[in-house]
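Visitor: need coordinates for the following:
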Amino acid sequence: MIEIGSLKVMVRSQIWTTRLHEQSDVFLHHFPEKEAIIRTLLHWIDEPPKDREDVYESFKFEGEWAGANFLNEAKTH
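Guide: Sure, this is the predicted structure:
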């Protein structure tokens, strides 16, 4: 999910990186309202979640948001 977010803003930001923390920072520069989910995802890297339902719901919601907003981002940049 972090990489998808980074890919959405790569052209606009003119930054490409494979480091997740840097990808997160670039994405959050353009979408600060997504800080909570990005911080959760980064936390899950260090401490994997135990509740699969939480993961599923987060991915479902954020995946829908990413899909719905992808065309807007592609059209503007």
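
Visitor: so the closest residue to residue 31 other than its chain neighbours: helix, strand or coil?
Guide: Leaving aside its sequence neighbours, residue 31 sits nearest to residue 5 (C-beta to C-beta, 6 or more residues apart in numbering; 7.1 Å). The way it works is simple: take the backbone N, C-alpha and C, and place the C-beta from them, glycine included. Three-state assignment for residue 5 (DSSP: H, G, I helix; E, B strand; the rest coil): helix.

Visitor: who's in contact with residue 5?
Guide: By C-beta atoms under 8 Å, 6 or more residues apart in numbering, the contact set of residue 5 is 23, 24, 27, 31, 34, 38, 66.

Visitor: among the residues you listed, who's most crowded?
Guide: In terms of neighbours by other C-beta atoms under 10 Å, the contacts of residue 5 top out with residue 27 at 24 neighbours.

Visitor: that one against residue 39, yeah?
Guide: No. Between residue 27 and residue 39 there is no contact under C-beta atoms under 8 Å: 11.8 Å.

Visitor: the residue most distant from the middle of the protein, which is it?
Guide: residue 50 (20.8 Å; C-alpha atoms, centre = their mean).

Visitor: what about it, helix or strand, and which?
Guide: Assessed by DSSP states H and E, residue 50 sits outside every helix and strand.

Visitor: and the gap between it and residue 12?
Guide: 36 Å (C-beta to C-beta, to the nearest Å).

Visitor: same check, this time on residue 63
Guide: For residue 63, the distance to residue 12 equals 21 Å [C-beta to C-beta].
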